[in-house]
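S.K.: pasting a predicted model and its sequence here:
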Amino acid sequence: MNKVEAIGFDFDGTLIVSEETKALEMVKVFNEKLGIKRGVGTAYKKLVGKSFNREQKVLFLFKKFLKRNPTKKELKDIKNHFGEHYRKSLWTCPLFQCTNVIKELKKQVKFLFLLSLEDKKEVKKLIKHCGLGSYFDEVLGGPKSKVDNLEHVIKKHKLKPRELLYIGDSKGDVVASKKKGIRVVLVKKRFRYKDLKDTLEADFVFSSLCELPHDIKKLR
């Protein structure tokens, strides 16, 4: 069994409780910019956990509610407008979960990285503002996919896939990790029958980030 040399954390939903907030902010954006008042929140929530980045989510919602593709300008405006809402909603530093676990794991590996589907520049500003910047050696994010970012980590740090461990909360996190041969921890509060396959494919499963063992040897 390879020693764990690096650990990655998903951001939204794993390290920070924010998916509900993001859905509300997307509702505001489509109302303010396009006058669409109903259905956006429900449609957005169906996209969560499927590894869609911000642009892909906006494209999906645009086609669903306006029955056409956005122009380049419209797409840019919607993405940027959502980005402003996203930053403002998290600027008060809401609950970051179990940072003591992160501190302990950081001591035992070569480096930690944070991976988000949101814009990388925005996430870097947020974690620095909220005092988490010192925990992570690298912050990765959109517009690249999670698979591409995981590939970047493997190549840049010259690691074998089995020397990485990725911690996430969704089916998309499990799928992206398995595509690259990386071990994955699934953090999920509630399980339904349809979640069983994802649970079985994960290498470890915990009901919360706080349950992660502080000793990295227990995750090998």
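M.R.: Done, it's in.

S.K.: longest strand in this structure, by number of residues?
M.R.: Determined from DSSP state E, the single longest strand within the chain is strand 111-119.

S.K.: got a list of contacts for it?
M.R.: 5-12, 15, 51-54, 83, 86, 102, 105-106, 123, 127, 135-143, 146, 149-150, 153, 157, 166 (C-beta atoms under 8 Å, 6 or more residues apart in numbering). C-beta coordinates here come from the backbone N, C-alpha and C atoms, glycine included.

S.K.: list the buried residues of the lengthiest helix in the chain.
M.R.: Ranked by residue count, the top helix of the chain under DSSP state H comes out as helix 72-90. Across helix 72-90, burial judged by 16 or more other C-beta atoms under 10 Å covers 74, 77-79, 81-83, 85-87, 90.

S.K.: same question for stretch 108-126.
M.R.: Those buried within stretch 108-126 under the rule 16+ other C-beta under 10 Å are 109, 112-120, 122-126.

S.K.: what helix or strand is residue 7 on?
M.R.: strand 6-10 (DSSP states H and E).

S.K.: quick one: distance of that strand to the chain centre.
M.R.: Offset of strand 6-10 from its chain centre (C-alpha atoms, centre = their mean, to the nearest Å): 11 Å.

S.K.: same question for stretch 12-28.
M.R.: 11 Å.

S.K.: list the contacts of it.
M.R.: Contacts for stretch 12-28 (C-beta under 8 Å, 6+ apart): 9, 40-41, 44-45, 48-49, 57, 61, 82, 85-86, 89-90, 94-97, 102, 114, 116-118, 167-170, 173, 187, 209.

S.K.: what about the helices in this structure?
M.R.: Assigned by DSSP H, the chain shows helices spanning 19-34, 40-45, 54-66, 72-90, 99-106, 120-129, 146-156, 171-179, 196-201.

S.K.: buried deepest among those helices, which one?
M.R.: Each of the helices of the chain was given a mean neighbour count from mean count of other C-beta atoms under 10 Å, and the largest, a mean of 21, is that of helix 171-179.
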